[in-house]
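Enquirer: model the structure of this input:
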Amino acid sequence: METLNPIQPIAPLSQKERILIIDSLRGIASLGILMMNIPFFAFPDVAASNPVVMNEIGTINYKIWYGIEWFLEGSQRAIFSMLFGCGVLVFTSRLEARIEGLMPAELFLRRQIWLLFFGLVNAFVFLWPGDILYHYAILGIILFAFRRMKPQHLILAAFICLALQTARENRDLYLEKSMIAKGEAAAVLDTTVVKLTDVQKEHLEALTGFKERSKPGSRKKEFEKAVAAVQGDYAGLYDHISKTSIWFETSFIYYNLWDILIFMFLGLAFFKKGVIQGAHPMKTYIALAVIGLGLGLTISYLRLQTIIDSSFNWFEFYKDVNFSSYEISRTLRALGIFGVIMILYKTGWFKWLFALMQPVGQMAFTNYLMQSVICGLFFYGIGWGMYAKLQRYEVYFVVGVIWLVQIVLSNIWLKFFRFGPMEWLWRSLTYWKLQPMRKQSEIIVQREPTPA
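Expert: Okay, the predicted model is just below:
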């Protein structure tokens, strides 16, 4: 092992060591994520992902829902996961180049534990039930064990995770189909001649309950119940949101395990190969964009069409569909969108955009949590109470305002300070030492890859 220098200080990444494009990508993804998250702040879950509940079919609201679902859904979260994978490698390798022994691993573990804590704060204090920090904290520790793998092995690991996630999706699909088939088999029995067994009764009850929950009337009742809880007092709001958060931070993480690791592995591989840094020739990114979007949008269209053909009735959907392709679609679309962004970067025509996004990415942790606070105050009953009061297209005006605020604040803040507020707190807790906050009068040199 290479001899390390224990004298060098244990400190966060300096401004001189930052890579512009990674910060810019993180900024773009952190803003983009809000486009997918905000319907779940603004509406009950049953309406956020289903335009039938609020009678949106044939309106601009339906077109917006379709556009987001077809093109963007899951992509920004995927890019964010890729960048988190990069961050694991940057954090650990930089420390291991300076410090001997187990201290780099200890600092990384401490970093992840604090991230887990902030994820719980986001879920149970800021009341965002879709928090991803908790998942990143746990899965980042798993990723730590793979950080030294060769890029080709990491890409293979990503493909294995994609296969496992797709298998999991289809296992769940066929469990639902099996439940329907068993229930329907019990339903056709003549109970005047044949007495149903306890198992057959359970199958029939499961079928009846599923069919009932899929009906428009049941979804409307679920919608109204959620609105009453969120527009009520804090106790009712907390009870309603925390039930989802508990599920999301426990049971769902086992379902979401492979989903996140796909892109963490790809992020590590792409960083080691220089893909994320923009060091590859333009043809690499064109291939990602054309293949990713070409296949991804086609599969996404076919997937959505089956949902539309079933009139958003999940009973009919599960009964008729034969293969679940969500993760395949999301993976391809995410790589395609990443390719498009990198093409814009490689042309050099959009330096202003990437420079504008860089501070947003440096403050991505602050901005992500700020989105929870702003949206909670705006939509929940304990704030302005706009929950379920706006149309879907109006909700995206709120997105635009939040983007503007975060872009302006991030650019102004980082003119005077080294870190965003939450970045500073996270680093101070990780190193167990207050980090200098204000910028010194130093010349900051951004590291840029050499264009290929």
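Enquirer: longest single helix anywhere in the chain?
Expert: In the chain, with assignment by DSSP state H, the single longest helix is helix 151-187.
Enquirer: packing partners for it?
Expert: In terms of contacts (3 or more Cβ pairs under 8 Å, 6 or more residues apart in numbering; DSSP states H and E), helix 151-187 is packed against helix 198-214, helix 251-273, helix 314-320, helix 326-347. In short, each C-beta sits where N, CA and C put it, glycine included.
Enquirer: and the angle for that helix with helix 198-214?
Expert: Per axes from the mean of the first three to the mean of the last three Cα atoms, to 10 degrees, the angle that helix 151-187 makes with helix 198-214 is 110 degrees.
Enquirer: tell me which residues of helix 151-187 are tucked away?
Expert: In terms of neighbour count (16 or more other Cβ atoms under 10 Å), helix 151-187 has its buried residues at 151, 154-155, 157-158, 161-162, 164-166, 168-170, 173, 176-177, 179-180, 182-183, 186.
Enquirer: ok so, going back, save the helices and strands packed on helix 151-187 as TSV, and put in mean pLDDT too.
Expert: Converted to TSV, those look like this (pLDDT from 0 to 100):
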stretch	mean pLDDT
helix 198-214	91
helix 251-273	91
helix 314-320	90
helix 326-347	96
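Enquirer: what helices or strands is the helix or strand hosting I22 leaning on?
Expert: Element membership for I22, per DSSP states H and E: helix 20-42. With contacts defined as 3+ Cβ pairs under 8 Å, 6+ apart, helix 20-42 has these neighbours: helix 45-48, helix 75-96, helix 326-347, helix 351-362, helix 364-379, helix 392-416.
Enquirer: okay, now the unreliable bits of the protein?
Expert: Across the chain, residues meeting the criterion (pLDDT under 70) sit at 1-18, 441-452.
Enquirer: looking at it, which residue lies furthest from center?
Expert: Going by Cα atoms, centre = their mean, the residue of the chain most distant from its centre is V193, 53.3 Å out.
Enquirer: what about that one, which SS state?
Expert: Three-state call for V193 (DSSP: H, G, I helix; E, B strand; the rest coil): coil.
Enquirer: do you know how far it is from G236?
Expert: Using Cβ to Cβ, to the nearest Å, V193 is found at 49 Å from G236.
Enquirer: hang on, the earlier thing: quick check: which of the helices and strands packed on helix 151-187 is nearest to C86?
Expert: helix 251-273 (4.4 Å; Cβ to Cβ).
Enquirer: so which bits of the closest one are buried?
Expert: Buried residues in helix 251-273, counted by 16+ other Cβ under 10 Å: 252-253, 256-273.
Enquirer: chain center to the longest helix of the chain: distance?
Expert: Distance of helix 151-187 from its chain centroid, counting by Cα atoms, centre = their mean, to the nearest Å, is 20 Å.
Enquirer: before we move on, what about stretch 34-49?
Expert: Mean-position distance between stretch 34-49 and its chain equals 13 Å (Cα atoms, centre = their mean).
Enquirer: ends of it, what's the gap?
Expert: Using Cα to Cα, to the nearest Å, one end of stretch 34-49 lies 15 Å from the other.
Enquirer: ok, and what's touching it?
Expert: 53-54, 68-69, 72-74, 76-77, 128-130, 219, 222-223, 226-227, 230, 244, 371, 375-376, 378-379, 386-388, 390, 392, 395-396, 398-399, 402-403 (Cβ atoms under 8 Å, 6 or more residues apart in numbering).
Enquirer: contacts only, for A269.
Expert: 151-152, 154-155, 158, 275.
Enquirer: revised request: answer the last question for M370.
Expert: Counting by Cβ under 8 Å, 6+ apart, M370 touches Q406.
Enquirer: neighbours around the residue nearest to W426 when sequence neighbours are not counted, how many?
Expert: Excluding the flanking residues, the one nearest W426 by Cβ to Cβ, 6 or more residues apart in numbering is W114, at 5.9 Å. Residues near W114, counting by other Cβ atoms under 10 Å, number 18.
Enquirer: how about stretch 189-201: buried residues?
Expert: Neighbour-count burial for stretch 189-201 flags Q200 (criterion: 16+ other Cβ under 10 Å).
Enquirer: end to end, how far does it reach?
Expert: Taking Cα to Cα, stretch 189-201 runs 11 Å from one end to the other.
Enquirer: can you pull out the residues in contact with that stretch?
Expert: The contact list for stretch 189-201 (Cβ under 8 Å, 6+ apart) reads 182, 186, 204.
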